[in-house]
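Enquirer: fold the following.
(3 chains)
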Amino acid sequence: MPASYSTNMRLKFSLLAIALEVVIIVQYALFVTYETAADSRKPNGTTTDFDRLYPSFQDVHVMIFVGFGFLMTFLKRYGFSSVGFNLLIAAFGLQWGALMQGFLHHLHDGKIKIGITSMINGDFSTATVLITFGAILGKTSPVQLLILTVLEITIFAANEFLVGEVLKAKDVGASMTIHAFGAYFGLAVSRVLYRSGLKDHEKEGSVYHSDIFAMIGTIFLWMFWPSFNSAIAPTSDGQYRAVINTYYSLAACVLTAYALSSLLDKKGKLDMVHIQNATLAGGVAAGTTADMMIYPYGGLLIGFVAGIISTLGFKYLTPILASKLKIHDTCGVHNLHGMPGIIGGLAGIVGAAMSSTVLYGNGLSNTFPERPKRTAIQQAGFQAAGLGATLVVAIVGGAITGFIISLPIWGQPPDQNCFDDQIYWEVPDAEDDGEQLNSSEHVQKPQVKEGTYCQV
Amino acid sequence: MPASYSTNMRLKFSLLAIALEVVIIVQYALFVTYETAADSRKPNGTTTDFDRLYPSFQDVHVMIFVGFGFLMTFLKRYGFSSVGFNLLIAAFGLQWGALMQGFLHHLHDGKIKIGITSMINGDFSTATVLITFGAILGKTSPVQLLILTVLEITIFAANEFLVGEVLKAKDVGASMTIHAFGAYFGLAVSRVLYRSGLKDHEKEGSVYHSDIFAMIGTIFLWMFWPSFNSAIAPTSDGQYRAVINTYYSLAACVLTAYALSSLLDKKGKLDMVHIQNATLAGGVAAGTTADMMIYPYGGLLIGFVAGIISTLGFKYLTPILASKLKIHDTCGVHNLHGMPGIIGGLAGIVGAAMSSTVLYGNGLSNTFPERPKRTAIQQAGFQAAGLGATLVVAIVGGAITGFIISLPIWGQPPDQNCFDDQIYWEVPDAEDDGEQLNSSEHVQKPQVKEGTYCQV
Amino acid sequence: MPASYSTNMRLKFSLLAIALEVVIIVQYALFVTYETAADSRKPNGTTTDFDRLYPSFQDVHVMIFVGFGFLMTFLKRYGFSSVGFNLLIAAFGLQWGALMQGFLHHLHDGKIKIGITSMINGDFSTATVLITFGAILGKTSPVQLLILTVLEITIFAANEFLVGEVLKAKDVGASMTIHAFGAYFGLAVSRVLYRSGLKDHEKEGSVYHSDIFAMIGTIFLWMFWPSFNSAIAPTSDGQYRAVINTYYSLAACVLTAYALSSLLDKKGKLDMVHIQNATLAGGVAAGTTADMMIYPYGGLLIGFVAGIISTLGFKYLTPILASKLKIHDTCGVHNLHGMPGIIGGLAGIVGAAMSSTVLYGNGLSNTFPERPKRTAIQQAGFQAAGLGATLVVAIVGGAITGFIISLPIWGQPPDQNCFDDQIYWEVPDAEDDGEQLNSSEHVQKPQVKEGTYCQV
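Expert: Numbers count the residues shown, from 1 in each chain, chains lettered A, B, ... in the order given. The predicted model follows:
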């Protein structure tokens, strides 16, 4: 094993995790308080969106912790890390995200007010890191992941401020600021961390049951995506439309993802990778336009296209990115979040260009707050600027972050330990051997002891 | 392999899926718009049930996609198809269902208005097909399933119109129109598709972990069934009662299902098939009376009976149906949805006959809109007519549909490929072989390569 | 096999289950009716918390049935029992709990009124039994478990009355009355049932996939804990605070649980037992103070400490309890519910002592209804009394219950059948053997037939 690789993260990891948590507690003690409606001293008549948004928050919560977590369990021997590091990243990220978003755009009298909206936004901020995690799944240490979370969420919050507050581009379901951002950030990190020794790694594949575990993630993401895209819509009719449009986009996307998956295989067989991922592209692509007046058939059209592009990406683009550009993308986030995120951004440009009082009535400025001041074409231009800015910030930010986490000090799993829980987890046997106790095989078995097989 | 069986569905399936989606998009563009409250141009003061019903909708959504999907993963080698085809059928069906229901009974000025209620009803319409899917699980191709979905949902919507709008029978939790309908439709389809070669098929059984995956489906169905039975109740007190009655029916049903499962085994052992399914019969049976004034003990009684009948059905009736009537019912939907659906319908007749102003007060016509015009006994008669009509339409519709999908053009898996994902999916190895890399067994293993074992 | 052990529970179990359900139905017919808002005869203007609390109820429901159920599937060969007996206990317990709580503190005109609050409280009452179940997991028969449920819920309801109604101690998230109670009750039961023959039992361990199933339980518990701690908060701002405080306590707890798990292993590897359990200690510990004005950093601090104590407990205390005190705790509930429950109770004493009009404004008596009559220090004293009473009642009640369920009449699994589904369930093979059909191994395999291996 090369000296620069560390497989024992005992002190580095535990001290870093505790230090980060201590820093967070100090910051929260200094700068964070309750939203007024959650304060016992609230004035009479204080209103709150808590009751309305709490179910949506929990749906988003399920997407972050079950959805992303289980979607990544498809690898045959990386299930502990997939669902476990996902929990670690997200639990840390939501604390860090609320701070960064608070400092950047929600400071009131020097205080960050925490409530249901900041909790939803905190969860959102972790989604970018979880998308990036998908691109580098199996190839990094938890120490690297914590550093990545700090850096990416900080850059994400800055870009979110740029797109939403400076450019005032619309992105209610965050096709651009979360999905495209997280994906291209991740691809840039993956490019920097590229190592040729991982090519055709024997652990980078699924087994039968791990693919079914991954479907738990897929289905929960699929079901609750309407809540993701609608949770922070500014008006109630906008929230309602976002649910409907996303629901239909996802439904159409399933049909084209299945159709393409079969069509692209010479025996016509479906590929679990496509089903687990491309069926969700409709949720990503519907994000920017979610609360626009695109009508149900508009949602269906977006999902129709997203399912096709995403499946094509898995089949043809991912192998090329790896072999030609040295960008290895473990979960294919480019196909699930990258390209569909760009489709969403482009649809947003079209949607903004077509916004009018005919289509939106008096509600136009509810959905497009800048429309009294900007024309439809101007708004479309700012949408394009938001998409472009996001891609630039993501790629540059990801490259810089990649260099930082590639410093030898953080440790990195050796090639032969990648895609394998063994290096960072106590791992039990794959299957109960009790039933073979009476068989002659028993004599040979003890050489494979708990937590010791395939040891480095 | 006989020439009439096709194992390669490449062109047939993908072109059919894309064609259906294109047809749907055209129909939606022509006929579908937003519900008023979701329209940016909504008049001031527009009210909506969205906030109240969205959590119930998501519960139903979880039942359809996680509940039905994972319940069927009990087969040892059909997990990809169970959860995957479930997603395909439901994603397509909810689009088709909203159209059919819209055309038949929700057309306003030539337009179908989509909102939270139509989304719940769209999900409901897919439930019938998923129940039918349970009866024929493992024996059909995805091409056959898509055709089945088109036909069954169309017939379902017609029967729903007949029962609800013409006969004006009450069926708030759809014991009759969804559960009994889906089950008897499925049994009729299964009878037509019967083939003796599937008797004692070696793949038609579970393994340890597949039974635990199936429990994910069971538990999510069990928990959220109160939302299913209450979601479309017309009044708030009716919705509330439907939740309470269903909750208690389910709870009592668990006790009798466990008791009977043990009692019927000579060693007193519990059978996972009963636990996975019969514990849910209380939800089905409580459907028609869900919003009636049956009191908590009424709910308990219904569940008590349903748990017994359902478990007896699995033990004694299912084998007889297969051997005597040539009706092979893979998931035993007759025991989970068929008989409990009829129990629900019968309970509805009793509930309607006992409806009175003493029991319901001024709210009588909220729960029974026809009661000013009909007597209690008349309403009970119409309930009986609704149950009878549903059974006739389901059996006749299922038989016709069975003949249509049995046409050779659609393909059908050969006997030896039934209950096996291999024929329609790229399937990885069952377990990671990494641990045996150093053992002598390794030499023999390569003959079992990924995606190629047991090849046709 | 010793004569006192019974492995065939056929008549005992089924008759007991049916008898208990009959008793319940009779009691419900006599004493239970709908809450006014769920009654068709409700007066005009009747208000209800149903819409506001139903989503929280469903979150709690998921914690009880999926969370507890799957958390316990970590054992390699006890998954059917874990999720299956969990369902049985909870479905029975919620019926029994609503009765006991109703008789003790919710009787109106001789009637128990069932509604959303009593349903949440019914679910809560089952949580104590499920915690206790964790301590004795794998070592009892379902007959013993049903008797345990009857006794424990009765004692729980009495203690809840003592703490909440007599002492008027605050415990909104039930750190004391549910978590500490259930844990110490379970440890007392486990002490009474102790048998040395279970030491180093070969079935008491996990396999790879069973650990991932357990993470389904962990993640759903983790996500929905804010609903558990906030569901019965008396005011809307209190509910809101409870969500925020719990959310942050859980998030901080993840960081310290991971940090300690790595720090305590000489190779720095994470231990799935810690990750599955100690990450949840923050939810337990935040319970009593959940709706107090502790601010987000207060929540973070509680979770920070809970994660450390819980992980230390798993590493050092659990082995000592087993070897020195003969208290075998299968799931380590002392570390997840016991000590964190005490931490929660202690935090509640501090929180009460610090309560003031400065901190709470006019809302002081909303959060502390006794504060006009009691001083802060007095309230702190009553909090301490509540904690002490709970521990005494739990330990004494658990010991007595342990003696009762240890009577030979109820049956108990023999040592060699503990931690194994085989004794009470029909169990299929671990893995599909289809792929070996063509190999030479096939000849030997038939000796391992379905449901017969490792037979007693």
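
Enquirer: CA only for contacts and neighbour counts going forward, please
Expert: Will do.

Enquirer: tell me, how many neighbours does A:Leu407 end up with?
Expert: When neighbours are counted by other CA atoms under 10 Å in any protein chain shown, A:Leu407 registers 12.

Enquirer: and it, its phi and psi?
Expert: A:Leu407 adopts backbone torsions of phi -60, psi 140, taken as degrees, to the nearest 10.

Enquirer: relative to B:Val333, how far out is it?
Expert: A:Leu407 is 58 Å from B:Val333, where distance means CA to CA, to the nearest Å.

Enquirer: likewise for A:Ser81?
Expert: For A:Ser81, the distance to B:Val333 (CA to CA) stands at 38 Å.

Enquirer: the two: which has the busier surroundings?
Expert: Per other CA under 10 Å, whichever of A:Ser81 and B:Val333 has more neighbours is B:Val333, with 30 against 26.

Enquirer: report the contact partners of that one.
Expert: Under the criterion of CA atoms under 8 Å, 6 or more residues apart in numbering or on different chains, the neighbours of B:Val333 are B:Ile131, B:Thr132, B:Gly134, B:Ala135, B:Ala183.

Enquirer: contact partners for the closest residue to A:Met63 other than its chain neighbours?
Expert: Spatial nearest neighbour of A:Met63, chain neighbours left out: A:Leu221 (5.1 Å); criterion: CA to CA, 6 or more residues apart in numbering or on different chains. Each residue near A:Leu221 by CA under 8 Å, 6+ apart is listed here: A:Val62, A:Met63, A:Gly67, A:Phe68, A:Leu280.

Enquirer: which strand or helix spans A:Leu221?
Expert: For A:Leu221, the host element (DSSP states H and E) is helix A:208-230.

Enquirer: what's the helix or strand just after that helix packed up against?
Expert: As assigned by DSSP H and E, the chain's next helix or strand after helix A:208-230 is helix A:236-263. Contacts defined by 3 or more CA pairs under 8 Å, 6 or more residues apart in numbering or on different chains; DSSP states H and E place helix A:236-263 against helix A:208-230, helix A:272-277, helix A:281-285, helix A:295-312, helix B:10-31, helix B:79-105.

Enquirer: now do the shortest one, average pLDDT.
Expert: Right, the one you point to is helix A:281-285. The average pLDDT within helix A:281-285 is 98.

Enquirer: equivalent analysis for the first one, please.
Expert: Per-residue pLDDT over helix A:208-230 has a mean of 98.

Enquirer: so what's the gap between stretch A:308-325 and the chain middle?
Expert: Centroid displacement of stretch A:308-325 relative to its chain, using CA atoms, centre = their mean, to the nearest Å, is 19 Å.

Enquirer: touching chain B at all, that stretch?
Expert: No - applying CA under 8 Å from any CA of the partner chain, one finds stretch A:308-325 separated from chain B by no less than 10.2 Å.

Enquirer: in a strand, A:Thr33, correct?
Expert: Yes - according to DSSP: H, G, I helix; E, B strand; the rest coil, A:Thr33 belongs to a strand.

Enquirer: which non-adjacent residue is nearest it?
Expert: Leaving aside its chain neighbours, A:Thr33 sits nearest to A:Lys113 (5.1 Å; criterion: CA to CA, 6+ apart).

Enquirer: could you pull up the residues touching the residue in the stretch 301-450 of chain A that chain B sits nearest to?
Expert: Across the stretch 301-450 of chain A, the shortest distance to chain B (CA to the nearest CA) belongs to A:Gly361, at 4.6 Å. A:Gly361 sits next to B:Ser40, B:Arg41 when contact means CA under 8 Å, 6+ apart.

Enquirer: all strands for the stretch 51-200 of chain A, in order.
Expert: A:107-108, A:111-114 (DSSP state E, counting those that start in this stretch).

Enquirer: direction included, what does the shortest one pair up with?
Expert: Counting by DSSP bridges, the strands paired with strand A:107-108 are strand A:111-114 (antiparallel).

Enquirer: residues making contact with the strand it pairs with?
Expert: Residues external to strand A:111-114 that are found in contact with it (CA under 8 Å, 6+ apart): A:31-36, A:98-99, A:102-103, A:106-107, C:244.

Enquirer: what is the rounded mean pLDDT of it?
Expert: Over the span of strand A:111-114, the pLDDT mean works out to 96.

Enquirer: and it, how far from the chain's centre?
Expert: Distance of strand A:111-114 from the chain centroid (CA atoms, centre = their mean) equals 25 Å.

Enquirer: now it: buried residues?
Expert: Buried residues in strand A:111-114, counted by 16 or more other CA atoms under 10 Å in any protein chain shown: A:Lys111, A:Ile112, A:Lys113, A:Ile114.

Enquirer: nearest to A:Gly397 among these?
Expert: In terms of CA to CA, no member of the buried residues of strand A:111-114 lies closer to A:Gly397 than A:Ile112, at 25.6 Å.

Enquirer: from chain C, how far out is the closest one?
Expert: The gap separating A:Ile112 from chain C is 11 Å, by CA to the nearest CA, to the nearest Å.

Enquirer: which residues are in contact with the residue lying closest to that residue once chain neighbours are set aside?
Expert: With sequence-adjacent residues excluded and distances taken as CA to CA, 6+ apart, A:Ile112 is closest to A:Val32, at 4.7 Å. By CA under 8 Å, 6+ apart, the residues touching A:Val32 are A:Lys111, A:Ile112, A:Lys113, A:Ile114, C:Tyr295, C:Pro296, C:Tyr297.

Enquirer: how about the residues of the stretch 301-450 of chain A near chain B?
Expert: Neighbours of chain B within the stretch 301-450 of chain A, by CA under 8 Å from any CA: A:Leu301, A:Phe304, A:Leu359, A:Tyr360, A:Gly361, A:Asn362, A:Gly363, A:Leu364, A:Ala430, A:Val448.

Enquirer: ok, of the residues you listed, which come out buried?
Expert: Judged by 16+ other CA under 10 Å, buried ones among those: A:Leu301, A:Phe304, A:Leu359, A:Tyr360, A:Gly363, A:Leu364, A:Ala430.

Enquirer: most packed of the helices and strands packed on helix A:236-263?
Expert: Of these, the one with the most neighbours on average (mean count of other CA atoms under 10 Å in any protein chain shown) is helix A:281-285, at a mean of 37.

Enquirer: list of residues touching it?
Expert: Residues outside helix A:281-285 that contact it (CA under 8 Å, 6+ apart) are A:173-175, A:179, A:222, A:225-226, A:229, A:246-247, A:249-253, A:302-304, A:306-307, A:310, A:335-337, A:340-345.

Enquirer: coming back round to it: how much space separates the residue of the stretch 301-450 of chain A closest to chain B from chain C?
Expert: 31 Å.

Enquirer: where does that residue fall, helix, sheet strand or coil?
Expert: Classification of A:Gly361 by three-state DSSP places it in helix.

Enquirer: least confident secondary structure element in chain A?
Expert: In chain A, the helix or strand scored least confidently by mean pLDDT, DSSP states H and E is strand A:107-108, which has a mean of 80.
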